[in-house]
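S.K.: below are the sequence and a predicted model; questions follow.
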Amino acid sequence: QSTTPSDRKEPRSKVTLLQKMGSLHRDRQNYGEAIRLYNQARSVAHSEGVQDLEASVLVRLGALYRNQCEYVQAEESYKLAQEIYIRINRVSGQANALVGLGSVYRSQYKFTQAEDSYGLAQKLYARIDQDLGQADAIRGLGAVYLACYKYAQAEESHMLAQEIYARNDHAQSQADTLMGLGDIYSGQCKYDQAKESYELAREIYTRIGGAQGQANALAGLANVLRRQLKSSQAEELYKLALETYSRIGNDRGQANVLDGLGGIYLVSRKSIQAEESYKLAREISTRIGNDRVQARAVEGLGHVYRGQCKYVQAEESYELAQEIHTRIGNDWGRASTLCGRGHLAQQRHRNAEAATLYRQAGAIFASIPNADAKKESINCGEWLNYVLAQSEASSEGPSPLPGESQTEDPSLS
């Protein structure tokens with residue numbers, strides 16, 4: 001039985017409609033319904049042999065899974081899309097899938113695989129003269145360099161991407177790149193440049209109506225103010241960002257900001273508010289599978305409990321945070337938690353144990369090529385000298401205060 005042109009068009013129309021409906025629900029943060037519709041579109045495309053649309057839906061699924069921190073499903077979706085694009089010889093599609101894969105690997109601290117994916121995507125985009133695609137891949141590489149504390153390469157990559165976006169008048173991507181530059185400058189303690197980048201990004205997001213982007217910029221500014229010990233201003237911006245994240249249903253943003261607020265309340269000795277913020281951050285990050293924020297929030301709870309002399313709960317929190325930091329390969333988190341455990345041991349008059357923990361933390365901080373890490377390494381050395389000078393029978397002496405360190409991993413702000 002022969003098919004008419006309209007018969008051949010019908011499956012494509014159905015897939016396209018389902019895909020548009022899925023994107024509509026995605027934009028409204030109805031992620032469960034979006035995933036259901038995307039999978040339905042993919043099923044129709046697969047059964048009807050519409051390979052290009054099947055791959056396109058898989059890329060959208062990958063992005064949605066990644067944003068939900070469902071990395072196994074995201075990786076699988078991108079890899080399936082890549083296989084199809086290779087089979088039908090669609091170079092731009094291959095590159096798009098590779099950029100998505102790079103982002104999945106970067107989110108899981110798999111930086112070598114992320115760099116390989118972004119690098120190959122850049123080459124493919126260059127082969128077909130696709131400027132914006134090259135910029136996306138270059139910006140992804142810059143994010144990897146930032147996570148590895150390669151600030152010069154990170155800045156160079158972001159600047160190059162920014163030039164391409166500006167040339168193509170792509171405002172959203174310009175703002176996203178400015179956010180990356182803000183993170184780079186913040187990581188180098190170049191706070192004025194960081195603030196300028198975040199403010200410029202915020203202006204663009206406001207102009208184009210990007211609520212999530214505006215909240216991201218506010219959170220970035222709050223992170224800088226927090227590191228400058230301007231707690232009141234930082235708290236105000238965190239709360240503004242939290243209000244927006246809550247309104248648009250952005251769980252990842254809420255968890256990050258609640259963790260930041262927990263840190264502010266901790267150093268302000270507002271232990272009840274700190275505990276509440278950290279618990280909310282832990283609850284959200286655990287639910288969405290964001291290991292990095294979960295570990296930070298659990299570590300923060302360890303600091304809170306230590307300050308309240310709830311030593312058993314503090315130890316349990318530190319041990320869980322240490323386990324997560326180690327599993328995801330976050331050296332800064334490992335060192336920070338070891339330091340917290342050292343303070344806990346010192347408060348309990350276990351000076352030999354504290355000395356061992358301070359040595360371990362100091363060694364890890366010293367291996368991180370970052371100015372703040374060097375300061376933390378020096379702090380660990382001072383605490384080590386203090387506990388070594390104490391005898392088991394001596395008085396407790398000036399115990400380190402919970403949350404006294406004002407720095408955190410600058411590549412993850």
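M.R.: On my side now, so go ahead.
S.K.: dihedrals phi and psi, Gly329?
M.R.: The phi/psi pair for Gly329 (degrees, to the nearest 10) reads phi 80, psi 30.
S.K.: state the helix or strand in which Leu101 lies.
M.R.: helix 91-107 (DSSP states H and E).
S.K.: quick check: buried residues in that helix?
M.R.: 93-107 (16 or more other CB atoms under 10 Å). Where you see a C-beta, it was placed from the backbone N, CA and C, and this is true even at glycine.
S.K.: between the residues you listed, which sits nearest Ser367?
M.R.: Arg106 (20.8 Å; CB to CB).
S.K.: longest helix anywhere in the protein?
M.R.: helix 5-27 (DSSP state H).
S.K.: give me the next element, helix or strand, following that helix.
M.R.: Next along the chain from helix 5-27, counting by DSSP H and E, comes helix 31-48.
S.K.: point out where the protein drops to low pLDDT.
M.R.: 1-9, 391-413 (pLDDT under 70).
S.K.: which other helices and strands contact the helix holding Leu101?
M.R.: Counting contacts by 3 or more CB pairs under 8 Å, 6 or more residues apart in numbering; DSSP states H and E, helix 91-107 packs against helix 51-67, helix 71-87, helix 111-127, helix 131-147.
S.K.: quick one: residues in contact with it.
M.R.: 52, 55-56, 58-59, 62-63, 66, 69, 71, 74-75, 78-79, 81-82, 84-86, 111, 113-115, 117-118, 120-121, 124-125, 127-128, 130, 133, 136-137, 140, 143-144, 147 (CB atoms under 8 Å, 6 or more residues apart in numbering).
S.K.: any of those residues buried? List them.
M.R.: For those, buried by 16+ other CB under 10 Å: 55-56, 58-59, 62-63, 66, 69, 71, 74-75, 78-79, 81-82, 84-85, 111, 113-115, 117-118, 120-121, 124-125, 130, 133, 136-137, 140, 143-144, 147.
S.K.: what comes up buried for the longest helix of the chain?
M.R.: Here helix 5-27 shows Pro11, Lys14, Val15, Thr16, Leu18, Gln19, Met21, Gly22, His25, Arg26 as buried, counting by 16+ other CB under 10 Å.
S.K.: redo the residues you listed as TSV? Include distance to Glu33.
M.R.: TSV is the format used below for those (distance: CB to CB, whole Å):
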residue	distance to Glu33
Pro11	22
Lys14	17
Val15	17
Thr16	18
Leu18	12
Gln19	13
Met21	9
Gly22	8
His25	4
Arg26	9
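S.K.: closest to Ala234 out of these?
M.R.: Using CB to CB, the buried residues of helix 5-27 come closest to Ala234 at Arg26, 31.5 Å.
S.K.: that closest one against Leu64, yeah?
M.R.: Yes: here Arg26 reaches Leu64: they are 6.1 Å apart, a contact under CB atoms under 8 Å.
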